[in-house]
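Colleague: just the structure for this:
(one chain, ligands or ions: 1)
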Amino acid sequence: MLTKESKMVEGQAIGYPPELKKLIRAVEQTRPERLARIKANQHFPRLTREEGEKVLKSYHPDYRPGGRRRLKVGVNKGEILADEVADLLESYSRIDPDAFDNRLKKPDYETDVLILGGGGAGAVAALFARQNGLRVVIATKLRHGDSNTIMAEGGIQAADRPADSPYYHYLDTMGGGHFTNNPRLVKALTMDAPLIIQWLEGLGVMFDKDNAGNMIELKGGGICRRRMHSSADMIGAEIMRVQRDEIRNHPEEIQVLEFSPAVELLIDETKAVSGAVLYNLETREYSIVKAKAVIMATGGFGRLHIQGFPTTNHYGATGDGLALAYRAGVPLVNMRYAQYHPTGTVFPEQNFGLLITEKVRTLGAQFINARGREFAHPLEPRDIASSCIIRECAEKSGGVTAPTSHYGVWLDTPMIDLLRGKGTVEKELSAKYLQFKRYGIDISIEPIIVYPTLHYQNGGLEIDEWGATRISGLFAAGEVTGGIHGDNRLMGNSLLDIHVFGRRVGVKVSEFIKAGKKGNRLSLGHVRSYHDSLIKTGVKTKRVAPILLPDYVHRSAPVYPRKS
Ligand SMILES: Cc1cc2nc3c(=O)[nH]c(=O)nc-3n(C[C@H](O)[C@H](O)[C@H](O)COP(=O)(O)OP(=O)(O)OC[C@H]3O[C@@H](n4cnc5c(N)ncnc54)[C@H](O)[C@@H]3O)c2cc1C
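Modeller: Below you'll find the model as predicted:
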């Protein structure tokens, strides 16, 4: 919705409407004074631990009461989760096990390892599984690479400079997660990190470097050293580019099935996971894959829109892996708090909810309220920064209302060129620059309106440091897993985790398969038992999971009628 004053060219709004331009003046007025302060090394003070906890408790969407309920079924029974997650878990399967008994006897594909998910974690697992002598099938929901990985903007963390060490990286990660992380997973994450950067470079990833060829490394929120490796503001696209290429170099050993999401796991008579049922979104047919092991790499749940928030995530991020593995008996950990990224776009409406990478604040942009005043340190951890923005809008009347009636605060991006030289925004944040320029907003001279947006799952499937779940034959890596980031992930640690655990799981799965597997008969027995417990515990629902695509996208998979 635009005001009369907004100009339209070929259906697109040109720039901020006059009422917002008027509000921007307050930001411009305080800019010289803020600039002088930064140049004198005087930064907005960070909150103390006690102040941080107070603001979280009062304003973070998941710390406030409401929007959650106690789970009635499965291994996490009794735990309190977001309504949207509880709904997903307390759902029926898309398939009727009885209708599949005969189909299971004649699998359509047989392979050593089946990887569910064609994002970064799936790609890395596939490359390392192949390297360890395995035949791989990757089944993915949309096109290969349509994922959160390809959308990643800011960078990947690794303590690989002399002034840094995995020790500091470990402490930062534990602190950022409020010490609820699994220390063994964090140790693996931070110790393997330098190796991962070397591996990516070897594969052909073009990281930002200075004229002498040294990596340019930046700081992120909640970290004490510069260790963020980037590729302008498109690190995910760069990583996915080389990984997809590398997978295409090995068509004999790695087969990719696109538009083929998994809709159920298969187990064998020893209760080990032994394959999956796929649903072809184009032909609308089911197929059966039999495998000696399965790696779950289906990514996160942003498209569940927890607590009604918009999201940065791609359309396939509907938490499918959580529903599938939970039904098979894998516990979920650290699911209490989702990550709301502090800087989701508010205006223009076409960009609503999309991410403004933390790198923007790393480079010097500040949080400014409607009165032109800075109100939070730009590099607070994400949960605290989000809570400060919500407080500013809700309590301190510091919010700015866009013509769409959504509100937020200013992110003063023009500070970047003023601090680092003209052209920095265009060079370092080229994707963001173009994303706004398309709508007539030049973010190197005008600020952006931002508000928290649902960004990351934080928790997920319980794994050990080699990506094994509690269920034999089922491994997991990437955003679908929990425990690495505790209650709050730090910037750059997710791209790192998909590589560290993608590699580890690719190696481990080959050991598992070489040790020999006992079962052979495919079954959907666990689905029958889960359906029974839904009925026994009185869960009255017609919901089915995985949902595959969010409600507002055409839902094409047929649902089999249930008996009771
Ligand atoms: C906009 C944005 C920017 C980000 N920037 C950064 C950053 O700078 N640094 C950082 O560390 N992290 C960043 N992240 C987070 C990070 O990119 C992701 O957490 C990470 O890449 C997830 O990788 P993944 O392989 O686990 O999942 P994804 O990359 O999402 O891949 C999951 C794949 O599984 C497929 N899938 C889903 N369901 C099924 C199913 N039922 N069957 C088969 N396939 C299925 C999906 O379609 C997808 O292809 C960002 C995230 C977003 C959204």
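
Colleague: pull out the buried positions in stretch 513-527.
Modeller: 513, 517, 519, 522, 523, 524, 526, 527 (16 or more other C-beta atoms under 10 Å). No exception for glycine: its C-beta is placed from N, CA and C like everyone else's.

Colleague: and those residues, which is closest to the ligand?
Modeller: residue 527 (14.9 Å; C-beta to the nearest ligand atom).

Colleague: hmm, the helix or strand that contains residue 128 touching the ligand?
Modeller: In this assignment (DSSP states H and E), residue 128 forms part of helix 120-131. Yes: legend: contact between helix 120-131 and the ligand by C-beta under 6 Å from any ligand atom is shown at 120, 121, 122.

Colleague: can you pick the most crowded of those residues?
Modeller: residue 121 (36 neighbours; other C-beta atoms under 10 Å).

Colleague: make CSV from the buried residues of stretch 513-527 and add secondary structure to it.
Modeller: Putting the buried residues of stretch 513-527 into CSV (DSSP: H, G, I helix; E, B strand; the rest coil) gives the following:
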residue, secondary structure
513, helix
517, coil
519, coil
522, coil
523, strand
524, coil
526, helix
527, helix
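
Colleague: which among those gets closest to residue 178?
Modeller: Closest to residue 178 out of those is residue 526 (33.5 Å), distances taken as C-beta to C-beta.

Colleague: got a list of what that closest one touches?
Modeller: 265, 267, 271, 327, 328, 329 (C-beta atoms under 8 Å, 6 or more residues apart in numbering).

Colleague: out of the residues you listed, which two sit at the greatest distance?
Modeller: Among the contacts of residue 526, 271 and 327 lie farthest apart (C-beta to C-beta), at 13.1 Å.

Colleague: next one: stretch 286-299 to chain centre, how far?
Modeller: 21 Å (C-alpha atoms, centre = their mean, to the nearest Å).

Colleague: before we move on, what about stretch 280-296?
Modeller: That offset, for stretch 280-296, works out to 23 Å (C-alpha atoms, centre = their mean).

Colleague: closest residue of the stretch 1-150 of the chain to the ligand?
Modeller: residue 119 (2.0 Å).

Colleague: what of the stretch 351-500 of the chain?
Modeller: Taking C-beta to the nearest ligand atom as the measure, the point where the stretch 351-500 of the chain comes nearest the ligand is residue 478, at 2.3 Å.

Colleague: I figured that residue hits residue 497, correct?
Modeller: Yes: with contact defined as C-beta atoms under 8 Å, residue 478 reaches residue 497; the gap is 7.0 Å.

Colleague: which one's more surrounded, the two?
Modeller: Legend: neighbour count by other C-beta under 10 Å for residue 478 and residue 497, higher for residue 478 (36 against 29).

Colleague: mind checking the SS state of the more buried one?
Modeller: Assignment for residue 478 (three-state DSSP): coil.

Colleague: list the residues that contact it.
Modeller: For residue 478, the contact set (C-beta under 8 Å, 6+ apart) comprises 117, 119, 120, 121, 122, 297, 298, 299, 497, 498, 501, 502.

Colleague: what about the helix or strand where residue 25 lies, distance to the chain center?
Modeller: In this assignment (DSSP H and E), residue 25 forms part of helix 18-39. The chain centroid and the centroid of helix 18-39 are separated by 33 Å under C-alpha atoms, centre = their mean.

Colleague: ok, then the element right after that helix?
Modeller: helix 49-59.

Colleague: mind giving me the packing neighbours of that following helix?
Modeller: helix 382-394 (3 or more C-beta pairs under 8 Å, 6 or more residues apart in numbering; DSSP states H and E).

Colleague: write out the residues of the stretch 401-550 of the chain neighbouring the ligand.
Modeller: The stretch 401-550 of the chain has residues 456, 478, 479, 480, 491, 492, 493, 494, 495, 498, 546 near the ligand, with proximity defined as C-beta under 6 Å from any ligand atom.
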